[in-house]
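Asker: 3D model of this:
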Amino acid sequence: MEVLAAVVSEHNVPLRVQPVPLPELEVGAILGRVEAATLCATDVHVWHGDLGSKAGQSITPYIPGHETASVVVDVNGERRDLLGEIIKPGDRVVVAYPFCGKCFYCTIAGQPTLCEDSIRYGRERCDLFPYLLGGCAEYHYYPARAEVIRIPDEVSSPLAAASACAFRTIMHGFERLGDIRPNETVLVQGSGPLGLFATAVAREKGARRVLTIGGPEARLEVAKALGADEVLNIADASDAAQRTDWVLGETSGRGADVVIQCVSASAIPEGLNMVRRGGRYVSIGTGPEAVTIPGAIFTNKNLKFASIRSGRAHHFHQALDFLATRKKDIPFDLFISAEYSLSQTTQALEDMASYKIVKPVILPTLA
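Answerer: Below you'll find the model as predicted:
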């Protein structure tokens, strides 16, 4: 039996909707019917060939999409979710990356997001078993060692899908950051999905002020709706010195207490000039660019610096709970910009790459 999926056969080439084998479930594995799959900048980078290869080997052909909300249709054996409840057909779920559970990072360091033998949805070959490891398909296969998180009734499937990458990573970032004190100003670099979620959480964590730098204007309007006190459009301040001056002007000349980088690694040097002495810097956005940082800045500023990779199952749970308990106060639906069918996946990737939208959602049942 086969099901339909949008497949990347070559980087930077339009995707084709084609049949992919429906695998038999290994013991402990789950088959989900995809309700919604959202795309992010990582999907664009992988499509462009900038990220995703394993040991230098090509990952094509593959099914994009690592942010997926599914309805369980089959389980081989008894499986339990993150809270210990038995998983059954009909449950709406998001599922974390399966880590190997055997390497140094999984067993000794307690840092499974650094596992080198994990399965990363949206960048695994679809011509090899178990085929369906990306969200832009009718069905999704979830391996036995993947941790499962139920979606609260209050959270829509598109929003749950969006939480399965950007939001869970932001929750990981705030966990490493620690408490936000009520006198602190938080600066968010970037107004994409990561930056918008960071803006919302910084406001809810009790920051005195939240500043967001990004663009285009439509995304900054969302940032203000989510809690940003002030925003700066990079179109109005295309020079790094202008942006730094703006931050210093908003912070009595000191710089922000906390800076959260949510746009690209290339923004790190600029962000380090925007954080105050003794402040904290969290870097989340990635990219292939090389950056140059004056070594003395860490000593002279006495900074705390943290970088974030991915997230664990409890970060998924935190993100979903945040969405469920604050939906009446925060307009989360502004994250979802447009709906696309499987045959429109190329257009969704292009729209994401050109910043036309905040978050595209692929609905496999959409004609």
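
Asker: rest of the way, CA atoms for contacts and neighbours
Answerer: Will do.

Asker: List the neighbours of stretch 88-96 that are in contact with it.
Answerer: With contact meaning CA atoms under 8 Å, 6 or more residues apart in numbering, stretch 88-96 is reached by 68-75, 142, 146-151, 160-161, 164, 312-313, 316.

Asker: Just the buried residues of these.
Answerer: Neighbour counting with 16 or more other CA atoms under 10 Å marks 68-72, 74-75, 142, 146-151, 160-161, 164, 312-313, 316 as buried within the contacts of stretch 88-96.

Asker: now, which of the residues you listed lie within helices?
Answerer: In this view, the buried ones among the contacts of stretch 88-96 that belong to helices under DSSP state H are 160-161, 313, 316.

Asker: Just give me the closest of those to residue 3.
Answerer: Of all these, residue 3 sits closest to residue 161, with 20.6 Å by CA to CA.

Asker: Give me the residues contacting the helix or strand hosting residue 44.
Answerer: Using DSSP states H and E, residue 44 maps to helix 41-48. Helix 41-48 is contacted by residues 8, 11-12, 51-52, 64-66, 122-123, 349-350, 352-353 when judged by CA under 8 Å, 6+ apart.

Asker: try 7 Å this time
Answerer: Applying CA atoms under 7 Å, 6 or more residues apart in numbering, the contact partners of helix 41-48 are 11-12, 51-52, 64-65, 349, 352-353.

Asker: how about those residues in a markdown table, adding distance to residue 58 and secondary structure?
Answerer: Below are those laid out as a markdown table (distance: CA to CA, whole Å; DSSP: H, G, I helix; E, B strand; the rest coil):
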| residue | distance to residue 58 | secondary structure |
| --- | --- | --- |
| 11 | 10 | coil |
| 12 | 14 | coil |
| 51 | 10 | coil |
| 52 | 8 | coil |
| 64 | 14 | coil |
| 65 | 17 | coil |
| 349 | 20 | helix |
| 352 | 23 | helix |
| 353 | 22 | helix |
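
Asker: quick check, nearest of these to residue 283?
Answerer: residue 51 (17.8 Å).

Asker: In space, what's closest to that closest one - neighbours in sequence excluded?
Answerer: Distance criterion CA to CA, 6 or more residues apart in numbering; nearest residue to residue 51, sequence neighbours excluded, is residue 45 at 5.8 Å.

Asker: Quick one: the strands in the stretch 251-367 of the chain, in order.
Answerer: 256-261, 275-283, 304-307, 336-340, 359-362 (DSSP state E, counting those that start in this stretch).

Asker: what's the angle between the first one and strand 275-283?
Answerer: Orientation of strand 256-261 against strand 275-283 (axes from the mean of the first three to the mean of the last three CA atoms, to 10 degrees) gives an angle of 30 degrees.

Asker: go on, the fourth one?
Answerer: Counting by the same axes, to 10 degrees, strand 336-340 lies at 20 degrees to strand 275-283.

Asker: Start the count at 54 instead of 1 going forward.
Answerer: Okay, residue one is now 54; in that scheme the one you just asked about reads as strand 389-393.

Asker: So for stretch 235-251, what gets flagged as buried?
Answerer: Buried residues in stretch 235-251 (16+ other CA under 10 Å): 237-251.

Asker: shaky segments in this protein?
Answerer: Screening the chain residue by residue with the criterion pLDDT under 70, one finds the ranges 105-109, 420.

Asker: how about the helices of it, start to end?
Answerer: 94-101, 157-160, 210-215, 221-230, 246-257, 270-278, 293-303, 321-325, 349-354, 366-379, 398-406.

Asker: Of these, flag the one that's most buried.
Answerer: With neighbours taken as mean count of other CA atoms under 10 Å, those reach their highest mean count in helix 210-215, at a mean of 28.

Asker: starting at the chain centroid, how far to that helix?
Answerer: 11 Å (CA atoms, centre = their mean, to the nearest Å).

Asker: what packs against it?
Answerer: With contacts defined as 3 or more CA pairs under 7 Å, 6 or more residues apart in numbering; DSSP states H and E, the packing partners of helix 210-215 are strand 83-91, strand 120-128.

Asker: can you put those strands in CSV and add distance to residue 391?
Answerer: Formatted as CSV, the helices and strands packed on helix 210-215 follow (distance: least, CA to CA, whole Å):
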stretch, distance to residue 391
strand 83-91, 10
strand 120-128, 15
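
Asker: sorry, back to before: closest to residue 156 among the contacts of helix 94-101?
Answerer: residue 105 (20.3 Å).

Asker: number of nearby residues for residue 261?
Answerer: Residue 261 is flanked by 15 other residues according to other CA atoms under 10 Å.

Asker: tell me the contacts of it?
Answerer: Remark: with contacts taken as CA under 7 Å, 6+ apart, residue 261 is in contact with 235-238.

Asker: switch to 8 Å and redo it
Answerer: The contact partners of residue 261, taken as CA under 8 Å, 6+ apart, are 234-238.

Asker: and if you look at residue 338?
Answerer: Here residue 338 is in contact with 247, 314-318 (criterion: CA under 8 Å, 6+ apart).

Asker: which two from those residues end up farthest apart in space?
Answerer: 247 and 318 (13.4 Å).

Asker: about what we covered before: with only the CA atoms kept, save the helix holding residue 97 in PDB.
Answerer: Extracted in PDB, the C-alpha atoms of helix 94-101 (Å, rounded to 0.1, in the frame of the first residue of the first chain):
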ATOM      1  CA  ALA A  94      13.300  28.400   8.100                       C
ATOM      2  CA  THR A  95      15.100  25.100   8.800                       C
ATOM      3  CA  ASP A  96      13.000  23.400   6.100                       C
ATOM      4  CA  VAL A  97      14.000  26.100   3.700                       C
ATOM      5  CA  HIS A  98      17.700  25.700   4.600                       C
ATOM      6  CA  VAL A  99      17.400  21.900   4.100                       C
ATOM      7  CA  TRP A 100      15.600  22.300   0.800                       C
ATOM      8  CA  HIS A 101      18.400  24.700  -0.300                       C
END
